[in-house]
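Engineer: A structural model of the following input is requested.
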Amino acid sequence: MSANQRKYSNPFPRPWMRDFGAAAPAGGNIGIKGIIAGGLTGGIEICITFPTEYVKTQLQLDEKGGKKQYDGIFDCVKKTVKNHGFFGLYRGLSVLLYGSIPKSAVRFGTFETLKKYAVNEQGVLSPSGRLLCGLGAGVGEAILAVTPMETIKVKFINDQRSVSPRFRGFFHGVAMIVREQGVGGIYKGVVPTIMKQGSNQAIRFFVMETLKDLYRGGDPDKKIPKYIVGVFGATAGAASVFGNTPIDVVKTRMQGLEASKYKNTLDCFVKIWKYEGPTAFYKGTVPRLGRVCLDVAITFMIYDSFMEIFNKVWP
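Structural biologist: Numbers count the residues shown, from 1 in each chain. Got it, this is the predicted structure:
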């Protein structure tokens, strides 16, 4: 095979993706290592960036009129710390921690399953095939893991906004939600969540791959330093934020404790536009920008580091 053929037939130019990432060959302990490394990376990322997610969600739930509680990011942080202490900014963190492992399992499991049917006779997954498999994995995790996790998180944060919070802890809160609203109570906003996960995958994939190609300058074997990968990841994360924050706002409203006032996703969109104006669709953009940029950068930088360690100590 010529150098030019290798250049265009290699769908996973990042060595860590080819050797032990989501694109690694099936078999051995690769899948298990990926799930554990992904969970550890997700846990670290969540602990670092969750306060920005908390503030973003509070601002998105804040409506105009008499119910408006915050004047902006710093006012939200100040009032939260004053009324609930510093760890009030971590309300709902346990939900994301509990959901990180199944989320990774669904993502990697779905990707590998779809990959078996998408590869060509030479076992190569084309760029379009990778995109479709990634989108399929995003839909799978949105339905099986992300929607219930995000819904419970939003309800926990929303509960703290109440004069008399009712949820005493994670399991107590989940039990109360299911008892009062049924299993469907933790599946509010499944449609916008699917849209969000799908658009995130598409935007980040496109930006990341474009930046990598520009950096390599036509040399597919050129190694990209981890800090550069982190910068590219942050850029891709920023692009996804500006591209799908309106979807995220609708998703958050559909998952809040007052979601019953919206008939469906479209009705939620129309009412926000009608009563709060188009700028409401970009509430919480700044704190979300900080969280997502750190999220994507940390994920790309740390995940391969964990895998390198695992491959040394765990044959």
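Engineer: contacting residues for the residue nearest the centre of the chain?
Structural biologist: The chain has Q197 as the residue nearest its centroid, 6.9 Å off, counting by C-alpha atoms, centre = their mean. Going by C-beta atoms under 8 Å, 6 or more residues apart in numbering, Q197 touches 138-139, 141-142, 146. Yep, even glycine has a C-beta here, placed from its N, CA and C like the rest.
Engineer: how about stretch 226-236: buried residues?
Structural biologist: Buried residues in stretch 226-236, defined by neighbour count with 16 or more other C-beta atoms under 10 Å: 229-236.
Engineer: before we move on, what about stretch 157-164?
Structural biologist: In stretch 157-164, counting by 16+ other C-beta under 10 Å, buried: 157-161.
Engineer: which one among the residues you listed gets closest to N83?
Structural biologist: Nearest to N83 among those is Q160, at 8.9 Å by C-beta to C-beta.
Engineer: skipping adjacent residues, who's closest to the closest one in space?
Structural biologist: In space, and not counting its chain neighbours, Q160 is closest to R91: 5.1 Å by C-beta to C-beta, 6 or more residues apart in numbering.
Engineer: for the buried residues of stretch 157-164, which one is nearest P225?
Structural biologist: Closest to P225, out of all of those and judged by C-beta to C-beta, is I157, at 37.2 Å.
Engineer: which strand or helix spans the closest one?
Structural biologist: Here I157, judged by DSSP states H and E, is contained in helix 147-160.
Engineer: following element in sequence after the helix or strand bottoming out on mean pLDDT in the chain, please.
Structural biologist: When each helix and strand of the chain is scored by mean pLDDT, DSSP states H and E, helix 15-20 comes last, with a mean of 42. Counting by DSSP H and E, the next helix or strand C-terminal to helix 15-20 is helix 30-61.
Engineer: starting at the chain centroid, how far to that following helix?
Structural biologist: 8 Å (C-alpha atoms, centre = their mean, to the nearest Å).
Engineer: and V191, what is it in contact with?
Structural biologist: Contacts of V191 by C-beta under 8 Å, 6+ apart are 264-265.
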